[in-house]
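Colleague: here is my input; please provide its structure:
(chains A and B, ligands or ions: 2)
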Amino acid sequence: MDKNLRGADMVVRSLIAEQADLIFGYPGGAIMPVYDALYDYHDQIKHVLTRHEQGAIHAAQGYARVSGKVGVCLATSGPGATNLITGLADALIDSTPLVCITGQVAAHLLGSDAFQETDMVGISMPGTKWNIQVRRVEDIAPAIAKGFYIARSGRPGPVLIDITKNAQVDFGTFRYEPCLGFRSYKTHHPVDPISVHQAATLIDKAERPYLLFGQGVILGQAEAALKQFLDKSGIPAASTLLGSGALPQDHSNFVGKLGMHGNYAPNLLTNQCDVLIAVGMRFDDRVTGDLSRYAKQAKVIHLELDPSEINKNVKATVAIQGDCKESLTLLTEAISPKIHDTWMANFRSLEKQEKEAVVNLDLTPTKPGLTMGEVIHHINKYKADDAVLVTDVGQHQMIAWRYFNYKKPRTQITSGGLGTMGFALPAALGAQLHDYSRQVICVVGDGGIQMTIQELGTIKQTKAPVKIVLLNNNYLGMVRQWQQMFFDKRYSFTELDNPDFVKLSEAYGIKAQKVSERADLKEAIEDMLIYDGPFFLEVVVEKEDNVFPMIATGSSVEEVRLR
Amino acid sequence: MKRYTIFVITENFIGILNRITIIFTRRGINIDALTASESRVPGVHRITIEVTVNEETVIQLVNQIEKVIDVIKAFYHEDTGVVYQELALYKLPVSRLDGGLEKIIRDHHAKIIAAEPDFVVLELTGHKEKTRELLEILKGYGILEFARSGRVAVAKRMLTIDSFVN
Ligand SMILES: Cc1ncc(C[n+]2csc(CCOP(=O)(O)OP(=O)(O)O)c2C)c(N)n1
Ligand SMILES: [Mg+2]
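Modeller: Numbering: from 1, shown residues only, chains lettered A, B, ... in the order given. Ligands and ions are numbered 1, 2, ... in the order given. Have a look, this model is predicted:
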């Protein structure tokens, strides 16, 4: 207990008590006392100054996603705080634990349109799991304790704590008591044994059972439980975008990836299975396509922590609410061991079709222009097993995800639910700063990188050895693809006249290289991956390549197209 | 579509009402009426929301409301599952009064709660149909103002607030 501690010091001491050893932020008037306090605690908590608050929050997201810890960021009131909004919305929809602390004008000025006053609690309400304004010094520690608890427990999400300047400069008694729960918020739902039994009966009777897994498996640390279930049940399994990495891709039950640009078999066969087991996933429309024609023939078993996700998009025949590690373990005990060879063979034969029609052309092209796929193909050859792939949003995101060989959990960091361009560069920085020795590969498009390119400055300053791979097609490629397919090739405002990215990186003191010829690609990737420090590799790729397979908006999963 | 009453038991937390109403706004759903008050447990509030939607939607709404961190419990009922009451006030100009008003007041079990030199105020408690019926009649008296409260309701189910709060 500390008598007479300044509010700003309480903020920092509370963060330290929550084991936040690395935070991201940007100073300004209303948060200056906290920055002043950080000066005294720099040996216990490291702060990284980004170049924009959006960079700070995406970096905190990258840090959180790779580590499983709560990401922390700081911003000043008004414009500093509003710059966090995209990151909050992103973290909410992708269930990323964050605590964001914003400065606010002094309590007596609230509501007066004071300089840099914004109603941050109001603005951030739909984009946070919880938020609070703290106006008195004695409320600082309890708010931060509650904030961390809420951010990391249950289905994780972002929390915003808005602290008025008077609370930061006032003095009071400090005693940090971690939050251990409160009555309106239940995080543990015991798994109902009856529904486990019902699910096991369905699974045992099934002839063509099929399992889909999402990020819930990673958030619930249920990777081993998933593997055991699959080993015993013999059921084919496919991952969502954010679920990738929960199961090593070389596992014999793994049949591929789901969704608009996922694999052919996993999408198509969704409408042929008789029992569909969904684990820690929320039937996003990018996964289901037209809901009215999604898995109508199947009995659906949904293992999900968040009760509001159950029966939201797809009605469950049996819902097992609760922690999926627990429910998967119970389910594994309850089922009989099986193999599903003939059913599995269906997946493998469609996989072969996809390989011939799409994959080979992407990975080992014969036409002159470089493909995004072959870049990832080479990365796979040289990357470490636990390399983290951070992607932005667009064609490169889908291609990188399709072809990257995921072997470990928490190696896939991308903006899934929100699809935030500009996410990758700062998120990669945050992931890298969590562990300098980890290989972090940032695959980004020429459009998206320019949304947060200022973070090259932070990479320079922190010397974070991020490997940036820019797949440059001189287009907002994904939008261009839609224009080609659905808008008569009317390329309305999608072509980019880009800067010299190599010079730009070099201006930031980051080693850079540009590759436009196939002959140079392999070596460039090898060189990049062994380089000790940040590296910027620009690969000039075919301008008008498209991503396939594809389920067009409004189509059914069984209408997945190979071209 | 049907009329549902949603009950929400919450902590007394600043902004909680906002967090709940944006759940409706986001889905383009109109709230027919809303009342909020302290419950009989100090520090615990109850919010009663009336909404006309289909059952699937009301389930989604309740799930989303329950997800709000400071909400202790949310549930819904059809009209048949609740005992509810609404209060209406009618302000009438004195200049238009005639001998007929007394009968109207008696027939509807309304009462006069204020009489001023220029106007009188009638009060009627009852379901919407009943208060609306009186409104129609009083239009003939040049009604100046009409106000109706949201629904105040209790569930018929024998569950008490203590089972959620403790
Ligand atoms: C902030 C934001 N604005 C707009 C979009 C819509 N959008 C999705 S993909 C895309 C094109 C991305 O272009 P680029 O970064 O070059 O990647 P590519 O598709 O070419 O690989 C756009 C504009 C978005 N997802 N995010
Ligand atoms: Mg591009």
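Colleague: how about A:Thr371, what does it touch?
Modeller: Shown in contact with A:Thr371 (CB atoms under 8 Å, 6 or more residues apart in numbering or on different chains): A:Leu361, A:Asp362, A:Leu363, A:Pro365, A:Ile399, A:Val541, A:Glu542, A:Asp545. All C-beta atoms are positioned from the backbone trio N, CA, C, and that covers glycine.
Colleague: roughly how far apart are it and chain B?
Modeller: Distance, A:Thr371 to chain B, by CB to the nearest CB, to the nearest Å: 40 Å.
Colleague: about what we covered before: mind putting the contacts of A:Thr371 into TSV with secondary structure, distance to ligand 1 and pLDDT?
Modeller: Shown next, in TSV, are these (DSSP: H, G, I helix; E, B strand; the rest coil; distance: CB to the nearest ligand atom, whole Å; pLDDT from 0 to 100):
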residue	secondary structure	distance to ligand 1	pLDDT
A:Leu361	helix	17	96
A:Asp362	helix	14	97
A:Leu363	helix	17	97
A:Pro365	coil	17	96
A:Ile399	helix	8	98
A:Val541	coil	9	98
A:Glu542	coil	11	97
A:Asp545	coil	9	97
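Colleague: ranking those residues by neighbours, who comes first?
Modeller: A:Val541 (27 neighbours; other CB atoms under 10 Å in any protein chain shown).
Colleague: quick check: that residue vs ligand 2, distance?
Modeller: Distance of A:Val541 to ligand 2, computed by CB to the ion, to the nearest Å: 8 Å.
Colleague: that residue contacts A:Val469, correct?
Modeller: No - in this structure A:Val541 lies outside contact range of A:Val469 using CB atoms under 8 Å: 10.6 Å.
Colleague: now for those two: what residues contact both?
Modeller: By CB under 8 Å, 6+ apart, the residues touching both A:Val541 and A:Val469 are A:Val375.
Colleague: which bits of chain B sit near ligand 1?
Modeller: With the criterion set to CB under 6 Å from any ligand atom, chain B never comes near ligand 1.
Colleague: list the contacts for whichever residue of chain B sits closest to ligand 2?
Modeller: Closest contact between chain B and ligand 2, by CB to the ion, is at B:Arg26 (31.9 Å). The neighbours of B:Arg26, taking CB under 8 Å, 6+ apart as the test, are A:Pro126.
Colleague: return the distance of it relative to A:Asn4.
Modeller: Distance of B:Arg26 to A:Asn4, computed by CB to CB, to the nearest Å: 45 Å.
Colleague: swap in B:Ile14?
Modeller: 28 Å.
Colleague: what ranges do the strands span in the stretch 51-200 of chain A?
Modeller: A:71-75, A:98-104, A:130-134, A:158-164, A:171-174 (DSSP state E, counting those that start in this stretch).
Colleague: then the stretch 301-450 of chain A?
Modeller: Counting by DSSP E, counting those that start in this stretch, the strands of the stretch 301-450 of chain A are A:318-321, A:388-391, A:412-414, A:440-445.
Colleague: can you list the low-confidence ranges for the chain?
Modeller: Assuming you mean chain A. Across chain A, nothing is flagged by pLDDT under 70.
Colleague: my question was about chain B
Modeller: Looking at chain B by pLDDT under 70, you get B:166.
Colleague: got the residues of it near chain A?
Modeller: Residues of chain B lying close to chain A (CB under 8 Å from any CB of the partner chain) are B:10-11, B:14-15, B:18-19, B:22, B:26, B:59-60, B:63-64, B:66-67, B:69-72, B:165-166.
Colleague: among those residues, which are in strands?
Modeller: B:Thr10, B:Glu11, B:Val71, B:Ile72 (DSSP state E).
Colleague: so who does A:Leu305 touch?
Modeller: A:Leu305 touches A:Gly154, A:Arg155, A:His189, A:Gly216, A:Gly220, A:Gly280, A:Gln321, A:Gly322, A:Asp323, A:Cys324, counting by CB under 8 Å, 6+ apart.
Colleague: more neighbours, B:Ile14 and A:Asn4?
Modeller: Neighbour count, other CB under 10 Å: between B:Ile14 and A:Asn4, B:Ile14 has more, with 11 against 8.
Colleague: nearest residue to that one in space, please, no chain neighbours.
Modeller: A:Gln133 (7.4 Å; CB to CB, 6 or more residues apart in numbering or on different chains).
Colleague: the one you found: neighbour count?
Modeller: That count, for A:Gln133 with other CB under 10 Å as the rule, works out to 22.
Colleague: about what we covered before: ranking the contacts of A:Leu305 by neighbours, who comes first?
Modeller: A:Gly280 (32 neighbours).
Colleague: any idea how far ligand 2 is from that one?
Modeller: 32 Å.
Colleague: how does the chain divide into domains?
Modeller: I went with chain A, as the question did not name one. Annotated domains of chain A cover A:2-174, A:193-346, A:364-540 [automatic domain parsing].
Colleague: the chain in question should be chain B.
Modeller: If you go by automatic domain parsing, chain B breaks into B:2-83+B:153-165, B:87-148.
Colleague: show me the helices in chain B, by range?
Modeller: In chain B, the helices defined using DSSP state H lie at B:16-26, B:55-67, B:101-108, B:128-138, B:162-165.
Colleague: show me what counts as buried in the shortest one.
Modeller: By neighbour count with 16 or more other CB atoms under 10 Å in any protein chain shown, helix B:162-165 contains the buried residues B:Phe164, B:Val165.
Colleague: now do the fourth one
Modeller: Neighbour-count burial for helix B:128-138, with 16+ other CB under 10 Å as criterion, is recorded at B:Lys128, B:Lys130, B:Thr131, B:Leu134, B:Leu138.
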